[in-house]
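> Give me coordinates for this.
(2 chains)
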There are 2 protein chains.
Amino acid sequence: MVAVASQTAEIEEGLAFIPKFDGDGLLTAVVTDAKSGDVLMVAHMNDEAVRRTIETGEAWYYSRSRRKLWKKGESSGHVQRVVELRVDCDQDALWLKVEQVGPGACHTGRRSCFYRALPLGQKGALKLEFRDGAKTFDPNAVYGKS
Amino acid sequence: MVAVASQTAEIEEGLAFIPKFDGDGLLTAVVTDAKSGDVLMVAHMNDEAVRRTIETGEAWYYSRSRRKLWKKGESSGHVQRVVELRVDCDQDALWLKVEQVGPGACHTGRRSCFYRALPLGQKGALKLEFRDGAKTFDPNAVYGKS
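Below is the predicted model of the structure:
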C-alpha cells in the first residue's frame, strides 16, 4: 500500500508526464474553444499523437474507427492551433484549449460536435433538442463526399 | 450501405437519444464550469447515471474503479447542479455545464482536475508545469481520510 500511495502521489502531484493509456493505448482528449470555452469535440490521442501535438502546436489525434493517426484539419483545412494543453489528476485525460481555424470542428458541418441538448426533467424515451444546431459549413463540399 | 447511412443520419441529425455506450456500457462525460468555461473533470456515465442526472438536475456518474454508481458530492458535499446537458454528434460523449457547489471538483483538493500543463515545444521525457495548482480545500478533511 505504501508503494501504491507513493505512485499515486507521483502521478497526481508530480511533474513527470506518466500517461495512463487505456487498453487500446489511448487517452481521452477534450477540446475547447480558447475564446468561448465551448467544448468543440472529444477525441482520443495515442503516444504519437501527443508527441506530434506538442512538437507542432497543432492538434493530432488517433481515430479509433479508422485505426490511424490523423491531423485535425488534414482533409478540411480546419486545423486546431493549441493554445494550452493540460493533463488531469490521474493522467488519463487531456484538455486542449485551441484556436479553431475555419468555420467548425464537427464533421457534420457545425462549429462544435455538441449541437443537441438532453433537456432535464424528462423521463422514459429521452428526447434531444437542437442548440446551436445551424450548420456553419457544407461537410459534403469540405470533405469531398459525393 | 443505405441502412448504415440512414442510421448514421438518425444518430447525427435526429432528436432521439440513441447513446453509443462503450464495451463497459459507459459514455464519456466532460464537465465544465458554466461560468468560467473551464473543464472541471472528465468522468463516465452509464444509463442509470444519465437518467438520475436528468431526473434530479444534479450530476451522477459511474466509477470504473469502484464499479458503482455515485452522486458527485455524496462524500464531499461538492455537488454539481447541471445547467445544461449536451450530447455529441455520434452520441458517445456528453457535456455537462455545471454550477460547482463548494470549493472544487477534484479529489486532490483543487477546483479542476486539470491543474497541470504539458508545455508545447518540448521533446523526449515530457514534463508538466502546475497551472492553477493551488489547493482550494483539504481533501483529507473533506473525504475523511486519515
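> Which single residue of chain A ends up nearest chain B?
residue A:37 (1.9 Å; C-beta to the nearest C-beta). Placement of C-beta: from N, CA and C, glycine included.
> isn't that residue right up against residue B:30?
No. Residue A:37 lies out of contact with residue B:30 (C-beta atoms under 8 Å); the separation is 11.9 Å.
> Can you pick out the residue with more neighbours from these two?
residue B:30 (26 against 17; other C-beta atoms under 10 Å in any protein chain shown).
> Tell me the bridge partners for that one.
Counting by DSSP bridges, residue B:30 forms beta bridges with residue B:42, residue B:95.
> Other residues contacting stretch A:113-132?
A:38-42, A:105-106, A:108, A:110-112, A:133, B:14-17, B:50-51, B:53-55, B:57, B:82, B:84-90, B:93-95 (C-beta atoms under 8 Å, 6 or more residues apart in numbering or on different chains).
> Let me see the mean pLDDT of it.
Stretch A:113-132 shows a mean pLDDT of 96.
> Buried residues, that stretch. List them.
Of all the residues in stretch A:113-132, those buried under the rule 16 or more other C-beta atoms under 10 Å in any protein chain shown are A:113-118, A:126, A:128.
> how long is that stretch from one end to the other?
End-to-end span of stretch A:113-132 (C-alpha to C-alpha, to the nearest Å): 10 Å.
> what's the answer for stretch A:121-137, then?
Terminal-residue distance, stretch A:121-137 (C-alpha to C-alpha): 33 Å.
> for it, the distance to its chain's centre please.
Mean C-alpha position of stretch A:121-137 versus that of the full chain (C-alpha atoms, centre = their mean, to the nearest Å) differs by 21 Å.
> One more: stretch A:30-50?
With C-alpha atoms, centre = their mean, you get 3 Å for stretch A:30-50.
> in that stretch, what counts as buried?
Within stretch A:30-50, the residues that qualify as buried are A:30-34, A:37-46, A:49-50, counting by 16+ other C-beta under 10 Å.
> any bit of the longest helix along chain A sitting next to chain B?
What stands out as the longest helix in chain A, according to DSSP state H, is helix A:2-13. Yes. With C-beta under 8 Å from any C-beta of the partner chain as the criterion, chain B is reached by helix A:2-13 at A:12-13.
> How about the contacts made by residue A:89?
Applying C-beta under 8 Å, 6+ apart, the residues near residue A:89 are A:11-12, B:106-108, B:110, B:113, B:115.
> what stretches of chain A score poorly on pLDDT?
For chain A, residues meeting the criterion pLDDT under 70 lie at A:1-2, A:145-146.
> could you pull out the strands for it?
A:27-33, A:39-45, A:60-63, A:68-71, A:80-87, A:93-100, A:116-117, A:129-130 (DSSP state E).
> could the ones you listed go into CSV alongside distance to residue B:25?
Shown next, in CSV, are the strands of chain A (distance: least, C-beta to C-beta, whole Å):
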stretch, distance to residue B:25
strand A:27-33, 17
strand A:39-45, 18
strand A:60-63, 23
strand A:68-71, 27
strand A:80-87, 26
strand A:93-100, 19
strand A:116-117, 21
strand A:129-130, 25
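> Looking at those strands, spot the one closest to residue A:21.
The closest of the strands of chain A to residue A:21 is strand A:27-33. By C-beta to C-beta, the value is 6.2 Å.
> returning to that earlier point: check the gap between the residue of chain A closest to chain B and residue B:8 for me.
Plainly put, residue A:37 is 29 Å away from residue B:8 if you go by C-beta to C-beta, to the nearest Å.
> returning to what we had before: now the residue of chain A closest to chain B, nearest residue through space, not along the chain?
Nearest residue to residue A:37 in three dimensions, chain neighbours excluded: residue B:37, at 1.9 Å (C-beta to C-beta, 6 or more residues apart in numbering or on different chains).
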